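In: Have a look at this prediction, sequence included:
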Amino acid sequence: MPNRILREGIITSEPVNSLSWAEEVFYRRLHSVVDDFARYFAKPELLRAACYPLKLDKVGNPDIVKWLEATQKAGLIRVYTIDNKEYLQVLNFRQKERAKQSKFPCWSCAGHVPCKCDPPAPVVEVEVEVEDEVDREADKPPPRNRFVKPAITDIREYCNQISATINPVTFFNHYETVGWKVGKNPMKDWKAAVRNWNSREGK
């Protein structure tokens with residue numbers, strides 16, 4: 001059952017005070033069962049069960065029909081039919097709406113969905129599934145200066161291309177030992193290292 005605040009204006013309301021005691025109690029109980037848009041079923045059997053769950057032996061369906069007519073005549077509620085189903089709406093409800101859409105069709109929109117009288121549905125932000133970090137890393141191109149350690153055959157082939165006189169095995173073993181570093185910095189271009197080595201040996 002929703003938590004509701006009955007406004008103090010109900011005490012000084014002339015339409016409310018035109019009701020009998022039983023009719024006013026029925027009207028006040030309606031406030032406890034209607035949704036945030038003041039709507040509910042108007043079928044007597046459903047209203048009787050919802051508004052008087054502990055007084056079913058004392059309140060009958062004819063009582064509900066009589067009280068519905070009285071509150072409607074007083075201008076406090078509206079009863080309407082959509083798709084052969086009866087609904088009611090408490091008028092001048094003035095309850096702060098918490099739900100975004102009513103559970104019951106609106107009388108003025110003749111049951112059209114979405115109801116023009118209801119606030120527009122909130123914009124739902126769709127959360128895009130992000131690929132796994134490992135997959136995204138795999139899709140990245142390798143850094144432009146990423147060093148790839150050469151094989152001895154690569155060094156020998158390059159030495160032949162530039163007519164270098166250094167020993168490819170000696171070159172490979174030296175830099176393998178120092179972790180492919182030039183001084184304290186990681187090697188970026190082993191071909192440049194071959195040329196420098198060859199230049200030093202030539203001198």
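Out: Good, I have the coordinates.
In: For the nearest residue to L76 once chain neighbours are set aside, list the residues it contacts.
Out: Excluding the flanking residues, the one nearest L76 by CB to CB, 6 or more residues apart in numbering is P15, at 5.4 Å. Every residue, glycine included, has its C-beta placed from N, CA and C. By CB atoms under 8 Å, 6 or more residues apart in numbering, the contact set of P15 is 74-76.
In: List the buried residues for the helix or strand encompassing P15?
Out: Element membership of P15, judged by DSSP states H and E, is helix 14-17. Buried residues in helix 14-17, counted by 16 or more other CB atoms under 10 Å: V16.
In: And the residue nearest to L76, how far from Q89?
Out: 15 Å (CB to CB, to the nearest Å).
In: again, but for T71
Out: 11 Å.
In: now S102
Out: 9 Å.
In: quick one on the thing from earlier: write the PyMOL selection for whichever of the contacts of P15 are buried.
Out: Of those, the buried ones go into a single PyMOL selection, burial set by 16+ other CB under 10 Å:
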select buried, resi 74+76
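In: Can you get me a residue count around P53?
Out: P53: 9 surrounding residues under other CB atoms under 10 Å.
In: Give me the contact list for the strand or helix carrying Y158.
Out: Following DSSP H and E, the helix or strand that holds Y158 is helix 152-162. By CB under 8 Å, 6+ apart, the residues outside helix 152-162 that reach it are 150, 164-166, 168-169, 171-172, 190-191, 194-195, 198.
In: Quick one: neighbours of Q101, just the number.
Out: So Q101, with other CB under 10 Å, has 16 neighbours.
In: With T153 instead?
Out: Neighbours of T153 using other CB under 10 Å come to 10.
In: The one 5 residues further on too?
Out: Counted with other CB under 10 Å, the burial measure for Y158 works out to 16 neighbours.
In: quick revisit: the residue nearest to L76 and T177: what is the separation?
Out: 99 Å.
In: Then K184?
Out: 15 Å.
In: out of those two, which sits in the busier spot?
Out: T177 (8 against 5).
In: who's in contact with the residue nearest to W197 when sequence neighbours are not counted?
Out: Excluding the flanking residues, the one nearest W197 by CB to CB, 6+ apart is I166, at 5.3 Å. Neighbour list for I166: 159, 194, 197-198, 201 [criterion: CB under 8 Å, 6+ apart].
In: Please consider this matter closed, and thank you.
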